[in-house]
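Engineer: Predicted model follows, preceded by the sequence.
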Amino acid sequence: MSLVLFGPPGAGKGTQSQLMLETKPFIHLSTGNLLREAIQQKSPLGIEAQSYVDAGKLVPDSVVIGLVREFIEKKKTSRFIFDGFPRTIVQAEALEKQIEEIGAVNIQRALFLEVPQTDLLQRLTGRRVCKNCGAVFHELNNPPKKSGFCDVCGGEVYQRKDDAAEAIQTRLEAYEKSTAPLKEYYIKKGLFVSIDGLGSSGQVFGRIQTYL
Ligand code: AP5
């Protein structure tokens, strides 16, 4: 089965995806990671996406849908965790259409991570990410053992540009306008599950596991 993991910026989608991958053989599809890779490689798509991502705006649907389609076709599996995709109703409809066309992916549940805005701000402003392997830390809740360096691979740990205060505000607004309506969309499809995203990442993971 495949799962959609969605929620506001900083809700813990990346963190919970990593924990799920440790116990179940999913393929992780994070559109945020795919876009950041494209930006780092300075590919044509990355160059087009950079100004949107840095400012915290949503990248146009057509760009993201093309990226996801290419990823799904390459992987030849039916067990995905979709992290940060879909993020608009247009993207959700495109995903369904691709499922029909490719016949490989079946969404079993859309898990929504529920976290209040004050906690989101605290999580995002303190987040640090490994430049090399993408491991996620938090300067207060989960700092790397050696300051500035990744526990997993020793790579340099940095603060994402879109974790600056202004970009966070833009991301929260984009979430309210374009992504929050997906709750209703998945409720109507009978796929929606709300997960309390507060507590330690282990506690949240426990809730997801109990549910699954
Ligand atoms: P993306 O990378 O998807 O960013 P996001 O949705 O804003 O989500 P985040 O990565 O910020 O947060 P998260 O929920 O994964 O939380 P995390 O686990 O890191 O997208 C970036 C940009 O790309 C977008 O703004 C947009 O421009 C573009 N984009 C991507 N997908 C797109 C799409 N489909 N369409 C159009 N544009 C798209 O946790 C955050 C912090 O909290 C970490 O420090 C972590 O250690 C900490 N933390 C996690 N869990 C807990 C916990 N339980 N308790 C305390 N701290 C915790």
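Structural biologist: Ah, there it is.
Engineer: Tell me where the model's unsure across the chain.
Structural biologist: Residues of the chain that meet the criterion pLDDT under 70 lie in 100, 102-105.
Engineer: who's sitting farthest from the centroid in it?
Structural biologist: Lys146 (26.2 Å; CA atoms, centre = their mean).
Engineer: and that residue, what helix or strand is that in?
Structural biologist: Using DSSP states H and E, Lys146 sits within no helix or strand.
Engineer: OK, contacts around the residue lying closest to Gln117 once chain neighbours are set aside?
Structural biologist: Spatial nearest neighbour of Gln117, excluding adjacent residues (CB to CB, 6 or more residues apart in numbering): Leu172 at 6.9 Å. From N, CA and C alone the C-beta is placed, and that goes for glycine too. Leu172 is in contact with Pro8, Pro9, Gln117, Leu120, counting by CB atoms under 8 Å, 6 or more residues apart in numbering.
Engineer: Looking at those, which is nearest Lys189?
Structural biologist: Nearest to Lys189, judged by CB to CB, of the contacts of Leu172 is Pro8 at 20.5 Å.
Engineer: Report the separation between the nearest residue to that closest one once chain neighbours are set aside and Phe6.
Structural biologist: Nearest non-adjacent residue to Pro8, counting by CB to CB, 6+ apart: Tyr175, 4.8 Å away. With distances taken as CB to CB, to the nearest Å, Tyr175 is found 10 Å from Phe6.
Engineer: who has more neighbours, these two?
Structural biologist: Phe6 (25 against 22; other CB atoms under 10 Å).
Engineer: phi, psi of that one?
Structural biologist: For Phe6, the backbone dihedrals (degrees, to the nearest 10) come out as phi -140, psi 170.
Engineer: Could you tell me which residues make contact with it?
Structural biologist: Counting by CB under 8 Å, 6+ apart, the residues that Phe6 touches are Lys13, Gly84, Pro86, Arg87, Ala110, Leu111, Phe112, Leu113, Thr179, Leu182.
Engineer: Pairing partners for it in the sheet, please.
Structural biologist: Phe112 (DSSP bridges).
Engineer: Could you double-check that Gln169 sits in contact with Pro9?
Structural biologist: No. Between Gln169 and Pro9 there is no contact under CB atoms under 8 Å: 10.3 Å.
Engineer: These two - which one has more neighbours?
Structural biologist: Pro9 (24 against 12).
Engineer: residues contacting the more buried one?
Structural biologist: Leu120, Leu124, Ile168, Arg171, Leu172, Tyr175.
Engineer: Within reach of the ligand, which of these are there?
Structural biologist: Arg171 (CB under 6 Å from any ligand atom).
Engineer: Farthest-apart pair in the contacts of Pro9, please.
Structural biologist: Greatest spacing in the contacts of Pro9, by CB to CB: Leu124 and Tyr175 (11.6 Å).
Engineer: before we move on, the earlier item: phi and psi next, for the residue nearest to Pro8.
Structural biologist: Per degrees, to the nearest 10, the backbone of Tyr175 is at phi -60, psi -50.
Engineer: In PDB, could you pull the C-alpha coordinates for stretch 131-140?
Structural biologist: Extracted C-alpha coordinates of stretch 131-140, given in PDB (Å, rounded to 0.1, in the frame of the first residue of the first chain):
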ATOM      1  CA  LYS A 131      23.800  19.100   3.500                       C
ATOM      2  CA  ASN A 132      25.000  15.700   2.500                       C
ATOM      3  CA  CYS A 133      22.400  13.100   3.600                       C
ATOM      4  CA  GLY A 134      19.400  15.200   4.500                       C
ATOM      5  CA  ALA A 135      19.200  14.000   8.100                       C
ATOM      6  CA  VAL A 136      17.000  16.400  10.200                       C
ATOM      7  CA  PHE A 137      18.000  17.900  13.500                       C
ATOM      8  CA  HIS A 138      16.700  20.600  15.800                       C
ATOM      9  CA  GLU A 139      19.000  23.000  17.600                       C
ATOM     10  CA  LEU A 140      17.200  22.600  20.900                       C
END
